[in-house]
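J.: Would you be able to build a 3D model of this:
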Amino acid sequence: MPPTGAGAGAGPGDAALRHPHWWQRGWVRYGALITLLALSGLVILALVRRQTGTEGFLVGLGLAVLPVPWLTAAFRWLDRVEPCPWRNLVFAFAWGACAAALIAIVANSFATHWIATSTADPAGADTLGATVIAPIVEESVKAAAVLLLFLFRRRDFTGIVDGVVTAGITATGFAFTENILYLGTAFGTDQLTGGRGIASVTAATFFVRIVMSPFAHPLFTVLTGIGFGAGALAGDGQRARRVLLPLGGLLLAMGMHAFWNGSSTFGAYGFFAVYGLFMVPAFGLLTWLAIWTRQRELRTVREELPAYVFAGWLGPAEPYVLGSMRARRMAREYARHHFGGRPAGRTVARYEACATSLAFLRHRARLGRAPADFAVRERELLSELWALRDVAWPALEYATRASAPAPAPYWPGYGYGHGHLPGQGYGQDYYGCPAVPYPAHNPYRT
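T.: All right, here's what the predicted structure looks like:
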């Protein structure tokens, strides 16, 4: 329902808003972005194939793809509380695998060649390129994807988990392309030298890059993502934090990357020392931080949504259900089996995501960090929740009954019901108490 008076008093500027220039149209921007990524992909494909050969490219591709599914699944699991739109994740992976990899290969090669020519020291140039130039270039081009989503998909970028997931997916795509190059080159070396089996260069490269450290690039870039996520939590008036926190995260990512790349210069066992004493603990710490942040998000949902229960928008047990990943999954499965298959499951998932976004929006407002469009965004989310209620409410009610370890919170005037819709009268709740299943009025009309 549009606000009263919408459309009245249109000024001359409204015509420009209704008829933007051709370059401002959404399909033009999307088309340009897709074209850029596609061209980058074709060029990087040609460069890698030229360096590795067709056979080496195919071997590298087959081995490099192995860690991608489980890395992607890990970041998607972390993102389940408020799922990031698929188009953002596809863009992040494509940017890392195509545009970022292309820029990094060209820039690293040019800089290393220039240093070698200027200093007449190819070995020193390679060391400087690996420990200084590569970390700066690679982390910068990976951070560009996070920056673009931070600027142009602001509604989808609301906290630390969004930054971690976006950065991790981008780095996964980058590492995928880089691993094709390294593994394909190693295979080509074995073809020339006759290396076979465990003693081959391909096996050693596979062990180091795929078995030991598939998380290396995601680990570095996640620091950048944490910086952007912390910046997203800052209020509109805290511009310094919104700039300095992402920059600090980027600098930390560059430093960790440089330390890792330089480990091979620390002696015979320098690589393994850095891996065991630095990389593994850092990976464990960041994993713990990401999981802790995920649990804090669920707690925020449970704490903020009761306000909308009292206002009549949500059922009384929904804060509990929406604050439990197990209960959410049960609600989606129930909808799929009883309300029309996968479309019904997606409807419940959309309801859960909207309610989560609403909780986060209210949490920011309570902390004094509400965005300028808070009222408009809140109304949009509430309207969407109400439109999805016919399928979502019975599924959430079932999840409450199946998963609640104790009586769900009871507020006078609200109950648990048996899948009834507003205005369908009284019944008994799960514990036999007279109750109204959901608000008997439509709060959107008031």
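
J.: and the helix of greatest length in the chain, what other elements does it pack with?
T.: For the chain, the longest helix by residue count, based on DSSP state H, is helix 26-64. Using 3 or more C-beta pairs under 8 Å, 6 or more residues apart in numbering; DSSP states H and E as the contact criterion, the elements in contact with helix 26-64 are helix 86-94, helix 101-119, helix 160-193, helix 201-206. Any C-beta I mention is one placed from the backbone N, CA and C, and that applies to glycine too.

J.: Looking at the ones you listed, which is nearest to Leu148?
T.: Proximity to Leu148 (C-beta to C-beta) singles out helix 86-94 among the helices and strands packed on helix 26-64, at 8.0 Å.

J.: Please spell out which residues along the helix or strand containing Trp77 are buried.
T.: Following DSSP states H and E, one finds Trp77 within helix 68-78. Using 16 or more other C-beta atoms under 10 Å as the test for burial, helix 68-78 gives 68, 71-72, 74-76, 78.

J.: Arg326 - nearest residue in space that isn't next to it in sequence?
T.: In this structure, Arg326 finds its nearest non-sequential neighbour in Ser403, 5.9 Å apart by C-beta to C-beta, 6 or more residues apart in numbering.

J.: Contact partners for the residue minimising distance to the centre of the chain?
T.: Against the mean C-alpha coordinate of the chain, by C-alpha atoms, centre = their mean, the closest residue is Val165 at 3.0 Å. Contact partners of Val165, counting by C-beta atoms under 8 Å, 6 or more residues apart in numbering, are 75-76, 78-79, 84, 89, 225.

J.: model confidence over the longest helix of the chain, on average?
T.: For helix 26-64, mean pLDDT is 90.

J.: and the angle from that helix to helix 86-94?
T.: Per axes from the mean of the first three to the mean of the last three C-alpha atoms, to 10 degrees, the angle that helix 26-64 makes with helix 86-94 is 50 degrees.

J.: residue boundaries of the helices in the stretch 251-400 of the chain?
T.: 270-274, 280-304, 306-310, 318-322, 325-338, 342-366, 374-387, 389-403 (DSSP state H, counting those that start in this stretch).

J.: Can you say which of those is nearest to Asp156?
T.: helix 342-366 (9.2 Å).

J.: Buried residues, that closest one. List them.
T.: For helix 342-366, by 16+ other C-beta under 10 Å, it's 344-345, 347-364.

J.: cool, and stretch 268-288?
T.: Within stretch 268-288, the residues that count as buried by 16+ other C-beta under 10 Å are 271, 274-275, 279, 282-283, 286.

J.: tell me the contacts of the residue nearest to Arg326?
T.: So Ser403 contacts 321, 324, 326-327, 330 (C-beta under 8 Å, 6+ apart).

J.: same thing with Gly168?
T.: Applying C-beta under 8 Å, 6+ apart, we find Gly168 in contact with 71, 74-75, 218, 221-222, 225.

J.: Next: Arg350.
T.: Arg350 neighbours (C-beta under 8 Å, 6+ apart): 384, 388.

J.: Just the pLDDT at it, thanks.
T.: On the pLDDT scale, Arg350 gets 94.

J.: sorry, back to before: widest-spaced pair of the contacts of Val165?
T.: Among the contacts of Val165, Arg76 and Gly225 lie farthest apart (C-beta to C-beta), at 14.8 Å.

J.: how close does Ala344 get to Tyr351?
T.: Separation of Ala344 from Tyr351 (C-beta to C-beta, to the nearest Å) stands at 11 Å.

J.: what do those two both touch?
T.: Applying C-beta under 8 Å, 6+ apart, one finds that Ala344 and Tyr351 are jointly contacted by Val391.

J.: Count the neighbours of Thr300 for me.
T.: When counting by other C-beta atoms under 10 Å, one arrives at 20 neighbours for Thr300.

J.: What sits closest to it if chain neighbours are left out?
T.: His363 (5.1 Å).

J.: pLDDT value on the residue sitting furthest away from the middle of the chain, please?
T.: Largest separation from the mean C-alpha position in the chain: Ala120, at 44.2 Å (C-alpha atoms, centre = their mean). Note on Ala120: pLDDT of 77.

J.: OK, contacts around it?
T.: Contacts of Ala120 by C-beta under 8 Å, 6+ apart: none found.

J.: Output the buried residues of stretch 268-288 in a markdown table, with distance to Val201 and pLDDT appended to each entry.
T.: Below are the buried residues of stretch 268-288 laid out as a markdown table (distance: C-beta to C-beta, whole Å; pLDDT from 0 to 100):
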| residue | distance to Val201 | pLDDT |
| --- | --- | --- |
| Phe271 | 16 | 86 |
| Val274 | 21 | 92 |
| Tyr275 | 19 | 93 |
| Met279 | 22 | 93 |
| Ala282 | 28 | 94 |
| Phe283 | 26 | 93 |
| Leu286 | 31 | 91 |
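
J.: Alright, that wraps it up for me.
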